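S.K.: Next one to model:
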Amino acid sequence: MVNERRSGRANPWVLLVLTVVLLMVIAASCLFGMVDIKMEDLLKAFEQWRAEGRMPQMLHYFLNFRIPRVLMSVLVGAVLSVCGAAYQSIFRNPLTDPYILGVSSGASLGAAVAFLLGLNAFFWGVESLALVTALLTVLLIYGIASIGNRMHTTTLLLTGVCMTLLISAIISFLIVLNPHKMDSIYFWTMGSFANRGWDDVLILLPVTVVGSGVVLWYGRDLNLLLAGSEAARSMGVEVEKVKRLLLLVTTVMVAFAVSSCGVLGFVGLIVPHAVRLVAGADNRKVIPYSILCGAIFVLLCDTLAHTLLYPNEIPVGSLTSMIGAPLFIYLLYKNKKSY
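M.R.: Reported below is the predicted structural model:
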């Protein structure tokens, strides 16, 4: 552990172990769910499909529902975790969450309006409006917090909190006016990967890959930002440019993730924070480790969400919060002397 905390680059053995664990969890999650699928039955279904040219119902469910749901869990977990790691460095605060800038509240407002307009009957009807309102909310917050060409991070955070409270009040007002839509809106805001398909995966995959690549590329600059803007500027970092670029990229990533599955609490907060406590503060390690750990965490939570109370399904956002909040409180208590 001492060597791991002192080394500058991510340990390839740690990355290998985390990757193997993720692949094992993916394999298990593909086989276990509301309907368990045995490997021998799966192989027989593939053989029947090859021999008869007709896809068995079980195989259709496995390929078009089970696998996309698993992959969406992996992608969303990776997105929220890598964005959380970036936000915590940009704002120099280990308690910063990817939703702090109003992304989740903006997406929730769009989703609520979409349900009220009946857009849930169309492909990506709810998701597209949620994405638009999430991005518009963040642009509004950026505009309020920007002073000339500079962005005041404290004002940005405070504006995000105020906007979140305002939008939550608006959503509550809409629900009061339309109580028959209350269940749909609440279930969406609590997060779920139910009924996710390959189209959703293909939309989120490039956003995740490109966005994570950008954050990884700026890992060294994020390390310097932890020392303060002036110190980073003296080391050759274009502070305002880097901040704006990373905030733009991570905000778009979070907006796509939230619009596709709803709000998953504590993922972007607890995962990078826990990684930092174990591996140190160097973002060249924190970012790749957080990507893999976040994917594992959300996938495990989603698997539990649709198996614990079968045939009922727990909203995965509720489960991430129920697990993440006590764990985060424990980490804070254990390490309170360092704050």
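
S.K.: And the pLDDT for the spatially most central residue of the chain?
M.R.: When CA atoms, centre = their mean is applied to the chain, the residue found nearest the centroid is Leu80 (2.7 Å). With respect to pLDDT, Leu80 scores 96.

S.K.: Toward the C-terminus, what is the element adjacent to the helix or strand hosting it?
M.R.: Element membership for Leu80 (DSSP states H and E) is helix 67-90. For helix 67-90, the following helix or strand on the C-terminal side (DSSP H and E) is helix 103-117.

S.K.: what residues does that following helix touch?
M.R.: 99, 120, 125-126, 129-138, 163-164, 167-168, 170-171, 174-175, 178, 181, 184-185, 188-189, 251, 254-255, 258-259, 262-263 (CB atoms under 8 Å, 6 or more residues apart in numbering). C-beta here means a position set from N, CA and C on the backbone, and glycine is covered the same way.

S.K.: before we move on, what about stretch 289-297?
M.R.: 10, 14-15, 18-19, 21-22, 25, 73-75, 77-82, 84-85, 212, 267-268, 270-272, 274-275, 279, 320.

S.K.: For it, what is the distance to the chain centroid?
M.R.: Centroid separation for stretch 289-297 versus its chain: 10 Å, with CA atoms, centre = their mean, to the nearest Å.

S.K.: And stretch 291-301, by the same measure?
M.R.: 10 Å.

S.K.: Ok, stretch 278-296 next?
M.R.: Stretch 278-296 has its C-alpha centroid displaced from the chain centroid by 14 Å (CA atoms, centre = their mean).

S.K.: Next, the buried residues of it.
M.R.: 279-296 (16 or more other CB atoms under 10 Å).

S.K.: Please pull out the lowest mean pLDDT helix or strand from the chain.
M.R.: helix 2-6 (a mean of 47; mean pLDDT, DSSP states H and E).

S.K.: wait, doesn't Arg150 sit right on Lys241?
M.R.: No: the criterion here is CB atoms under 8 Å, and Arg150 misses it with Lys241 at 11.0 Å.

S.K.: Work out for me the element Thr19 sits within.
M.R.: Here Thr19 sits within helix 12-31, counting by DSSP H and E.

S.K.: And that helix, what's buried?
M.R.: Buried residues in helix 12-31 (16+ other CB under 10 Å): 14, 18, 22, 25-26, 29-30.

S.K.: Run the chain-centre distance for whatever helix or strand comes next after it.
M.R.: Downstream of helix 12-31, the next assigned helix or strand under DSSP H and E is helix 39-52. In terms of CA atoms, centre = their mean, the centre of helix 39-52 is set 35 Å apart from its chain centre.

S.K.: This completes my enquiry, with thanks.
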